[in-house]
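**Q** compute the structure for the input listed below.
(one chain, ligands or ions: 1)
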Amino acid sequence: MADVVVITGGSRGIGAACARLAAKAGYDVCLNYVSNRDAASAVVAEIEAAGGTARAVAGDVGSNDDVIALFKAADEMGTLKGLINNAGVLDVRSRIDEMTPERLERIMRTNILGSFFCAREAVIRMSTKRGGEGGAIVNLSSIAALLGAPNQYADYAASKGAIDTFTRGLALEVAEEGIRVNGVRPGIIDTEIHASGGEPDRARKLRDIIPMKREGNAEEVAEAIVWLMSGKASYVTGATLDVSGGR
Ligand code: NAP
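**A** This is a model prediction of the structure:
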């Protein structure tokens with residue numbers, strides 16, 4: 001049976017880079033996306049052209065039903081060995097006194113509940129206590145979790161703070177069950193997430209405040225994520241690694 005990894009938000013940005021790299025590392029990739037079918041299909045085609053196996057599954061990670069369907073689709077591909085909890089959203093710059101309930105609900109539901117729903121499905125399948133073969137989970141946090149993102153997206157930053165705590169808690173919960181759980185905190189990475197926050201040029205504009213004086217790229221983050229997921233990180237659990245050019 002093939003070793004399968006589920007990558008949420010695998011159609012673009014960091015998730016797509018993880019999908020390409022995980023396929024190269026020998027995983028069969030079940031990549032999830034929410035609406036951009038063309039982008040997801042392009043990643044699948046690229047992986048298949050390179051001799052790998054991938055499948056794209058539409059679904060909102062904030063929907064419990066969609067997440068259950070996503071993991072059922074992954075079951076058809078082989079044995080689940082990894083989860084990259086990558087799907088995440090931010091909104092436009094805003095102070096807390098202007099944040100609508102709809103905005104807060106969307107950020108918290110996607111970034112926090114989505115990661116919990118997916119981790120639950122992964123643990124059900126991978127825990128040796130439940131008959132699984134073990135595996136690894138990598139959660140996407142953000143350097144924003146440490147900075148708080150005042151006057152910009154304190155909601156997003158707080159959702160990533162929750163992910164840092166979740167990484168630690170889940171890692172300890174399943175440490176004896178063959179599952180390692182780690183996190184990655186990217187800094188400013190050149191992806192389309194900044195456009196969704198209303199600032200397509202954000203990565204380039206903020207170069208000066210980054211100690212390494214440049215933004216990162218999705219591939220640099222994917223290298224850290226896929227390493228944490230791999231057997232090469234066999235004694236690493238409960239850790240969150242900054243991939244942020246020193247920021
Ligand atoms: P991105 O380029 O905006 O891509 C987002 C991906 O998530 C897309 O594949 C999108 O699917 C998917 N997605 C969005 N909402 C979803 C939902 N409700 N259900 C399922 N999939 C959903 O983002 P990125 O920059 O690669 O960010 C990836 C992760 O890294 C996020 O967790 C983000 O918070 C974190 N991060 C990014 C940066 C950065 O500077 N880029 C920094 C720190 C942390 P569609 O293609 O279908 O829309």
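
**Q** rest of the way, CA atoms for contacts and neighbours
**A** OK.

**Q** excluding chain neighbours, what is closest to Cys18?
**A** Counting by CA to CA, 6 or more residues apart in numbering, the nearest residue to Cys18 once its immediate chain neighbours are dropped is Ala222, at 4.8 Å.

**Q** number of residues surrounding that neighbour?
**A** Other residues lying near Ala222 total 24 when counted by other CA atoms under 10 Å.

**Q** quick one: residues contacting it.
**A** The contact partners of Ala222, by CA atoms under 8 Å, 6 or more residues apart in numbering, come to Ile14, Gly15, Ala17, Cys18, Leu21.

**Q** and if you look at Val89?
**A** Counting by CA under 8 Å, 6+ apart, Val89 has contacts Ile107, Thr110, Asn111, Tyr156, Ile193.

**Q** out of those, who's nearest Ser63?
**A** Ser63 has its nearest neighbour among those in Thr110, at 8.5 Å by CA to CA.

**Q** tell me if I am right that the closest one is in a strand.
**A** No - assessed by DSSP: H, G, I helix; E, B strand; the rest coil, Thr110 does not belong to a strand; its assignment is helix.

**Q** surely it meets Gly59?
**A** No - checked against CA atoms under 8 Å, the pair Thr110 and Gly59 is beyond contact range at 11.4 Å.

**Q** run through the neighbouring helices and strands of the helix or strand hosting Val6.
**A** Per DSSP states H and E, Val6 falls inside strand 3-7. With contacts defined as 3 or more CA pairs under 8 Å, 6 or more residues apart in numbering; DSSP states H and E, the secondary structure elements packing on strand 3-7 are helix 13-24, strand 28-33, helix 64-75, strand 79-85.
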